[in-house]
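Curious how this folds, go ahead:
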Amino acid sequence: MPLTPAVELLQHARAGGYAVGYFESWNLESLQGVIDAAEACKAPVFIGFNGEFLSSAARLDAERLPWYAALGRAAAESARVPCGLVFNECSDDAWTAAAIDLGFGLVMPDDADAPETAFAGRVAALTRRAHAAGAAIEAEVGHLPCAAGGTVDDQGRPTDPDAAAAFVAATGIDLLAVSVGNVHILLDGSRELDLEHLARLRRRLALPFDLHGGTGISRASLRAAIELGVAKVCYGTYLKQAYLSAIRTALDGPAEDPHARFGRGGTADVLGAGRRAVRDAVSERLDWLGCVGRA
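Presented below is the predicted three-dimensional model:
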């Protein structure tokens, strides 16, 4: 079916009392796994790619954004469920602008180190470009702590209601990413959200909220957050953990015909094992989000 506008997916989610998951992909098999799960569960879904990863100057090989855009559009248009296409978390405005022009339906500029006033001006300019192209835009106020090193750092800043309201008014964004106890790249376990703080934000703001760091949010906290207007939840870490585990298991054994390992799609195919691992991981969280059967 046609690529579904992000605003439409968010509106349906809020009206229906569920959230739409953004399940980040990094290659063809991971994207296939997300679509497989969404179709099996009859659930709307956000698919897409990480803009900060793709645009990073530290990459050994430069990436071609038009390829990712074409792949995402083809996946969405061939899927049997509504799909939104996301260009997630990018501090390079030129890449974000290019993503808008290439047909991504939701983009997220993200630059935690930028001065607030300057960043608001940049986001406002990108919002005008996105809206002119029929796309939506998301931004974060506050900052999530990160646990990539194995422990949660102390760099998090909860979203301030007044600052968020001023930012939304100045930029015209469609979706606000909030920091309410959620953690980026939590490798093990889960944490409870600060639901009282989320409720304060809801009393101050009317637009939909997004939770990044979905991997580390408990099921109970997630359901309560959806009741407070969270319409989108982002997942990445646990998908890659499941993918890596499946790949390692698939490779554990005697050497075989390389075509059986890569390309034939049988029981020994490493790529297929990764795809199915992502499918199963996504299916679990679709149930948590309450969006099963909503397509």
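
What are the boundaries of the strands in the stretch 51-200 of the chain?
When secondary structure is read from DSSP state E, counting those that start in this stretch, the stretch 51-200 of the chain shows strands at 83-90, 106-109, 136-141, 175-178.

so where's the stretch 151-295 of the chain uncertain?
Residues of the stretch 151-295 of the chain meeting the criterion pLDDT under 70: 253-255.

show me where it has helices.
For the stretch 151-295 of the chain, the helices defined by DSSP state H, counting those that start in this stretch cover 161-171, 195-204, 219-227, 237-251, 258-261, 270-289.

what's stretch 156-175 in contact with?
Residues from elsewhere that reach stretch 156-175 (C-beta atoms under 8 Å, 6 or more residues apart in numbering): 6-7, 10, 106, 116, 120, 123-124, 127-128, 131, 136-145, 176, 178-181, 183, 194, 197, 200-201, 203-205, 207-210, 231-232. The way it works is simple: take the backbone N, C-alpha and C, and place the C-beta from them, glycine included.

out of those, which are buried?
6-7, 10, 106, 120, 123-124, 127, 136-145, 176, 178-181, 183, 194, 197, 200-201, 205, 207-210, 231-232 (16 or more other C-beta atoms under 10 Å).

Glu256: how many residues sit nearby?
9 (other C-beta atoms under 10 Å).

right, I mislabeled it, should have said Tyr68
When neighbours are counted by other C-beta under 10 Å, Tyr68 registers 23.

In space, what's closest to it - neighbours in sequence excluded?
Leaving aside its chain neighbours, Tyr68 sits nearest to Phe49 (5.1 Å; criterion: C-beta to C-beta, 6 or more residues apart in numbering).

Let's test this: mean pLDDT of the helix or strand hosting the one you found, rounded?
Taking DSSP states H and E as the criterion, Phe49 maps to strand 45-50. Strand 45-50 carries an average pLDDT of 98.

Just the residues contacting that strand, thanks.
Contact with strand 45-50 is made by 6, 9, 20-26, 31, 34-35, 37-38, 68, 72, 75-76, 81-90, 104, 106, 232, 236, 282, 286, 291, as judged by C-beta under 8 Å, 6+ apart.

May I have that strand as CSV, with CA atoms only?
Once non-C-alpha atoms are left out, strand 45-50 reads as follows in CSV (Å, rounded to 0.1, in the frame of the first residue of the first chain):
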residue,chain,number,x,y,z
VAL,A,45,4.6,0.3,11.9
PHE,A,46,7.3,2.9,11.4
ILE,A,47,10.3,1.6,9.5
GLY,A,48,13.6,3.5,8.8
PHE,A,49,17.2,4.1,9.4
ASN,A,50,19.5,6.0,11.8
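
so what strands line up beside that strand?
Sheet pairing here is set by DSSP bridges, and for strand 45-50 it gives strand 20-24 (parallel), strand 83-90 (parallel).

angle of the first one against helix 237-251?
Direction vectors for strand 20-24 and helix 237-251, defined by axes from the mean of the first three to the mean of the last three C-alpha atoms, to 10 degrees, enclose an angle of 50 degrees.

Hmm, Leu187 is touching Thr151, no?
No: in this structure Leu187 lies outside contact range of Thr151 using C-beta atoms under 8 Å: 9.6 Å.

quick one: which of these two has more around it?
For Leu187 versus Thr151, the count of surrounding residues by other C-beta under 10 Å is larger for Leu187: 15 against 10.

Pull the contacting residues for that one.
Ala147, Ala148, Gly150, Thr237, Gln241 are the contacts of Leu187 under C-beta under 8 Å, 6+ apart.

same question, Glu89
Asn50, Gly51, Glu52, Met108, Asp110, His212.

The nearest residue to it once chain neighbours are set aside: neighbour count?
Of all residues not flanking Glu89 in the chain, Asp110 sits nearest, at 4.3 Å (C-beta to C-beta, 6+ apart). Using other C-beta under 10 Å, Asp110 has 21 other residues around it.
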